[in-house]
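>>> Coordinates for the following, if possible.
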Amino acid sequence: MKKSSLILLIFLAVTALKAQVGVNTESPQGVFHIDAARNTSGNTNVADDVVVDAQGRVGVGTNNPQTKVDIRSSTQGGGFRLQDGSQADGRVLTSDASGNAKWRSHGIQTVNAVWNGDSTFVIADTTTQFFLSTGTTLTLPSGRWLVQVAFLVAHKYPITNPMTSPYWIRSSFTDGIVPMGTRMPVTTATYTSDFEGNNRLVAGVGYGLYNTAVGSVVLNNATNANKTYTFIVGNVNKLTTAPAFEFGRIGQGLWLEDNITAIKIQD
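Okay, the predicted model is just below:
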């Protein structure tokens, strides 16, 4: 009798290990099957069902999952939701190198500079060892930005000393809001630390009344808030024997050629 009971218990244990488990259903369609509304019949009325099949695939809204996680919904946007603080209207789901998912912006997002607009702003050709703040600012939300810069380099009017030398003029960005005309040394500390790569300058060479400086840099605002940068110009080089001359209205947004536009390239 004891031997028969032991055999029966072993048989029941093996049967239990191989059995399918159903919640609210007597006919589970997988290893584990929940029928929330208790209305599934075969492959019908499965919108409220959750199934785990013998291959470890999970089906939500289907009892026949085809992938590791298979979600079916008759309503657009009704199949999946991730709310982790990165969500916002119009964002897309992306991942890092390890596959961790988050929402990020897509398409093109641009920010334009706020020009200082002062026609009296002047830079002398003697600004070899320092930059001057133009008073023009650029405020960027968090993320990586490709900043495209173009500005007209013009001789100051009225002309007191005509230009007799080619020159090289440089521009960059510094942290914060810096009043127009503030002098800053040409050192690493002057540049914002948010530059990516070695390129911290947009510069141009010229000779004569009008020339342009055009280029681009990458700024990475790694904070979780908006950050403001000030556009600075200076560090001018010329022939040492040439008479002094001056540039007028640089970086003020008063010329049609002036442009500072930031294009977001990554959150």
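
>>> ok, Ala19 - contacts?
When contacts are counted by CB atoms under 8 Å, 6 or more residues apart in numbering, Ala19 touches no other residue. The way it works is simple: take the backbone N, C-alpha and C, and place the C-beta from them, glycine included.

>>> ok, it to Pro65 distance?
Counting by CB to CB, to the nearest Å, the separation of Ala19 from Pro65 is 20 Å.

>>> Gln266 now?
Between Gln266 and Pro65 the distance is 34 Å, computed by CB to CB.

>>> Compare neighbour counts for the two and give me the winner.
Counting neighbours by other CB atoms under 10 Å for Gln266 and for Pro65 shows that Pro65 has the greater number, 22 against 12.

>>> Tell me the bridge partners for the closest residue to that one other than its chain neighbours.
For Pro65, the nearest residue in space outside its immediate sequence neighbours is Gly59; the separation is 3.3 Å by CB to CB, 6 or more residues apart in numbering. Beta bridges link Gly59 to Val51, Asp70 when assigned by DSSP bridges.

>>> from memory Gly59 sits against Gly30, does it?
Yes: with contact defined as CB atoms under 8 Å, Gly59 and Gly30 form a contacting pair (7.5 Å).

>>> which stretches of the chain have low pLDDT?
Along the chain, the parts satisfying pLDDT under 70 run over 1-18, 107.

>>> count of residues packed around Val153?
The local packing of Val153 (other CB under 10 Å) involves 26 other residues.

>>> Tell me the spacing between it and Gly248.
Taking CB to CB, one finds Val153 at 10 Å from Gly248.

>>> What is the helix or strand where Ser172 lies packed up against?
Under the assignment given by DSSP states H and E, the secondary-structure element containing Ser172 is strand 167-175. In this structure, strand 167-175 packs against strand 130-140, strand 143-154, strand 202-206, strand 210-221, strand 227-238, with contacts taken as 3 or more CB pairs under 8 Å, 6 or more residues apart in numbering; DSSP states H and E.

>>> and the angle for it with strand 143-154?
Comparing the axes of strand 167-175 and strand 143-154 via axes from the mean of the first three to the mean of the last three CA atoms, to 10 degrees yields an angle of 140 degrees.

>>> Dump strand 167-175 to CSV, keeping only the CA atoms.
As requested, C-alpha coordinates have been extracted for strand 167-175 and formatted as CSV (Å, rounded to 0.1, in the frame of the first residue of the first chain):
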residue,chain,number,x,y,z
TYR,A,167,44.4,90.0,-40.4
TRP,A,168,43.1,86.9,-38.6
ILE,A,169,40.2,87.3,-36.2
ARG,A,170,38.8,84.7,-33.8
SER,A,171,35.5,84.1,-32.0
SER,A,172,34.3,81.6,-29.4
PHE,A,173,31.8,81.2,-26.5
THR,A,174,32.2,81.6,-22.8
ASP,A,175,29.8,80.6,-20.0
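
>>> Skip ahead from that strand and say which helix or strand is next.
From strand 167-175 onward toward the C-terminus, using DSSP H and E, the following helix or strand is strand 183-185.

>>> partners of that next one, with directions?
Strand 183-185 has these strand partners (DSSP bridges): strand 130-140 (antiparallel).

>>> What residues of the partner strand count as buried?
Applying a neighbour-count criterion of 16 or more other CB atoms under 10 Å, one finds 130-138, 140 buried in strand 130-140.

>>> All set now, cheers.
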